[in-house]
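Chemist: return atomic coordinates for the entry below.
(chains A, B and C)
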Amino acid sequence: MQKIAPPKSIESLLHRAHALSGRKLAEIAAECRQPIPSSQKRAKGWIGQLLELALGADGGSQALHDFLALGVELKSLPIAENGYARESTYVCTVPLTDLTGCSWSESWIARKLHRVLWIPVEAFRHQSLGERRVGQPILWQPNSWETSALQADWEELVEFIALGDVEEINGQFGQYLQIRPKAADAKARRLGINVDGYNSLTLPRGFYLRPKFTKQILDRNLYFVSE
DNA sequence: CAATGATCATCC
DNA sequence: GGATGATCATTG
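Modeler: Model prediction:
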């Protein structure tokens, strides 16, 4: 695929994103010369990567914003029949060391979520991957309520990690922001700290936004996936 | 190898 | 049906 240049402005990015809305993934994939996988079982990130390609994201797989120059994060959101995201939304890796002195506003997760371009994509049960339609993009910046809600969850979670209690965290922590495993498999290990403050190996984890959080973003916007 | 793009698979 | 824990492909 010939890469398209990153958008030079937010307006240009939004223009591109609006041009995708209402269209089927099959059409977009054809234009980007991308084959459609027969299933997502072995192509879990396919939609996100297709949209990156179509919109000219340049952040790659590094810990950087998707649109470097614009400081914008791109997220696809699979929309179920009930209007909720079918899945939680991965944001970034959870830091497991050097937690002391880190505030919410300085954290990588807060900076990533400072500006997000959400692209809703239909994910109805009867649909094939190619026939799923892209919805209206939503350029989002957290409002004060959303910021406080995320910050509150984050502070609770990070305190556990900082005290060496990361093993006690499970997916039930956090009203809107949760921590879940994010690894090749359950045997993966990353450096962390234990209760005695010593280095120890633990499962790598990620921050995820619950569907009840992303639903509020969807509800504030007209994103209608169907025509 | 680790961070990214996420969805899958199972349990309740 | 929803949520949690497990997993897959790609990239720098």
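Chemist: OK, contacts around the residue of chain A positioned farthest from its centre?
Modeler: Going by CA atoms, centre = their mean, the residue of chain A most distant from its centre is A:Asp196, 33.1 Å out. When contacts are counted by CB atoms under 8 Å, 6 or more residues apart in numbering, A:Asp196 touches A:Gly164. The C-beta positions use only the backbone N, C-alpha and C, and glycine is treated the same way.
Chemist: that one should be in a helix, yeah?
Modeler: No - A:Asp196 is assigned coil when assessed by DSSP: H, G, I helix; E, B strand; the rest coil, not a helix.
Chemist: can you tell me how far it sits from DNA strand B?
Modeler: Distance of A:Asp196 to DNA strand B, computed by CB to the nearest atom of the strand, to the nearest Å: 22 Å.
Chemist: spell out which parts of chain A neighbour DNA strand B.
Modeler: Applying CB under 7 Å from any atom of the strand, we find that chain A lies next to DNA strand B at A:39-41, A:44-45, A:47-49, A:51-52, A:59, A:61-63, A:66, A:73-76, A:78, A:86-93, A:108, A:112, A:121, A:123, A:182, A:184, A:188, A:190, A:204, A:206.
Chemist: can you give me the end-to-end distance of stretch A:81-95?
Modeler: 35 Å (CA to CA, to the nearest Å).
Chemist: strands along chain A, start to end?
Modeler: For chain A, strands defined by DSSP state E occupy the ranges A:73-79, A:89-93, A:116-122, A:138-140, A:177-181, A:190-193, A:199-202, A:205-209.
Chemist: output these in TSV, with distance to A:Gln151 and mean neighbour count appended to each entry.
Modeler: Below are these laid out as TSV (distance: least, CB to CB, whole Å; neighbours: other CB atoms under 10 Å):
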stretch	distance to A:Gln151	mean neighbour count
strand A:73-79	17	23
strand A:89-93	14	17
strand A:116-122	16	23
strand A:138-140	16	19
strand A:177-181	9	19
strand A:190-193	22	17
strand A:199-202	24	14
strand A:205-209	12	23
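Chemist: of those, which is nearest A:Trp154?
Modeler: strand A:177-181 (5.9 Å; CB to CB).
Chemist: longest helix in chain A, by number of residues?
Modeler: helix A:144-162 (DSSP state H).
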